[in-house]
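Novice: 3D model of this:
(2 chains)
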Protein chains: 2
Amino acid sequence: MARWDPGAEDRLRKAALELFREQGYDAVTVTQIAERAGLTRRSFFRYFPDKREVFFAGSDQLPPAMADAVRAAGGDVFAAVAEVGARMVEVIDQPAERRAIIDGSTELQERERTKMAAVTAAVEGVLRERGVDAVRARLLAQTGVVVFQNAYAQWLGSGTPFPEAVRAATTAIREAMDGKGPAS
Amino acid sequence: MARWDPGAEDRLRKAALELFREQGYDAVTVTQIAERAGLTRRSFFRYFPDKREVFFAGSDQLPPAMADAVRAAGGDVFAAVAEVGARMVEVIDQPAERRAIIDGSTELQERERTKMAAVTAAVEGVLRERGVDAVRARLLAQTGVVVFQNAYAQWLGSGTPFPEAVRAATTAIREAMDGKGPAS
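Specialist: Numbers count the residues shown, from 1 in each chain, chains lettered A, B, ... in the order given. Modelled structure (predicted):
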């Protein structure tokens, strides 16, 4: 199979997701993924450096996308979260299956945390550029990522539109801080 | 050296911290740590399973301590964060050196994220017990951990007492969510 096989990358992603769902992430080999996609193991490595990357491909776009959105929103992290999330959920493929696979693998959870740490660092960088002090920039960036993840879970669990889920999450945090949360 | 050598564990921790600071975490071997502490490599492994654990020893206490504090505070995550943090900063050894070493090592940063994920899970569990729904329990637990880390950074950077740093962090988040943050 040649590098210019136009559908190869998509077939590999689809085959990986199927196999991970069927057998669990840890049990699946690169060879199996390649075979299911009608390709060789060598072809797999033309497209992805390792087994994790076939799963997280595209996630490298999230840190710069979030940074751009924070800039465009004049430093409003939560507006940026709503905007980027709304775009992301339009294009994401088989989100429930992906979530279940991540939840079943320590390795993928670790990778997801690293991915979100990169988003945090990107947002933090934009806030620092805008003159926000270091401690506060980190705080707002981390809170933005927490809201992002939570809104995503709400969208996934109940179909709440992303911007609405962001508002619900920010309201819940604010209420908890005011001592009016359901847990207090 | 026998297992009942009373000072051995402390000497190993101190030796590790010194060596990590001098040479960087990645460059230091278990053998070096043991030698600096006047012990053998074999003795090291009587106390710690690997090089990371000599650095993070004691951190296993944080998830249950936080869970207990959330229960004692009637589900108020931020009160629990203030209380546990205040106790923690009383006993922590060479915090600035520890922070610098973590910031210099990808491996330690990953381990720290895993550690904080365990704290998040513990707090989330207590909130679930108290009848908080899954999405909100996760949101409050994650926000609590963000506030904890931020208050710790404030304490470390400027000596702000922990409970005061928690109040400053929660206020900063609330203001940002009200659109009154310095970045908006």
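
Novice: and after the lowest-mean-pLDDT helix or strand in chain A, which helix or strand comes next?
Specialist: For chain A, using mean pLDDT, DSSP states H and E, the weakest element among its helices and strands is helix A:51-56, scoring a mean of 87. Under the assignment DSSP states H and E, the closest C-terminal helix or strand after helix A:51-56 is helix A:62-72.

Novice: what helices or strands is that next one leaning on?
Specialist: When contacts are defined as 3 or more C-beta pairs under 8 Å, 6 or more residues apart in numbering or on different chains; DSSP states H and E, helix A:62-72 packs onto helix A:77-91, helix A:106-129. C-beta: built from backbone N, CA, C; applies to glycine.

Novice: The shortest one vs helix A:62-72, what angle?
Specialist: Helix A:77-91 and helix A:62-72 meet at an angle of 130 degrees, taking axes from the mean of the first three to the mean of the last three C-alpha atoms, to 10 degrees as the criterion.

Novice: how close does residue A:166 get to residue A:125?
Specialist: 21 Å (C-beta to C-beta, to the nearest Å).

Novice: Ok, residue A:165 next?
Specialist: Distance, residue A:165 to residue A:125, by C-beta to C-beta: 25 Å.

Novice: I'd like to know how many residues surround residue A:72.
Specialist: Applying other C-beta atoms under 10 Å in any protein chain shown, we find 12 residues neighbouring residue A:72.

Novice: low pLDDT regions in chain A?
Specialist: For chain A, the stretches flagged by pLDDT under 70 are A:1-4, A:179-184.

Novice: got a list of what the nearest residue to residue A:126 once chain neighbours are set aside touches?
Specialist: Nearest residue to residue A:126, sequence neighbours excluded (C-beta to C-beta, 6 or more residues apart in numbering or on different chains): residue A:70, at 4.5 Å. Shown in contact with residue A:70 (C-beta atoms under 8 Å, 6 or more residues apart in numbering or on different chains): A:76-77, A:80, A:123, A:126-127, A:144.

Novice: and with 10 Å instead?
Specialist: By C-beta atoms under 10 Å, 6 or more residues apart in numbering or on different chains, the residues touching residue A:70 are A:76-81, A:83-84, A:122-127, A:129-130, A:140-141, A:144, B:183.

Novice: Now the helix or strand hosting residue A:32: buried residues?
Specialist: Secondary structure assignment for residue A:32, by DSSP H and E: helix A:30-36. Across helix A:30-36, burial judged by 16 or more other C-beta atoms under 10 Å in any protein chain shown covers A:30, A:32-34, A:36.

Novice: elements contacting that helix?
Specialist: Using 3 or more C-beta pairs under 10 Å, 6 or more residues apart in numbering or on different chains; DSSP states H and E as the contact test, the elements touching helix A:30-36 are helix A:8-23, helix A:41-47, helix A:51-56.

Novice: Extract the C-alpha trace of the second one and format it as CSV.
Specialist: Coordinates of the C-alpha atoms in helix A:41-47 are reproduced here as CSV (Å, rounded to 0.1, in the frame of the first residue of the first chain):
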residue,chain,number,x,y,z
ARG,A,41,2.1,-3.2,9.8
ARG,A,42,4.7,-1.1,7.9
SER,A,43,2.0,1.0,6.3
PHE,A,44,0.5,1.7,9.8
PHE,A,45,3.8,3.4,10.8
ARG,A,46,3.7,5.6,7.7
TYR,A,47,0.7,7.3,9.2
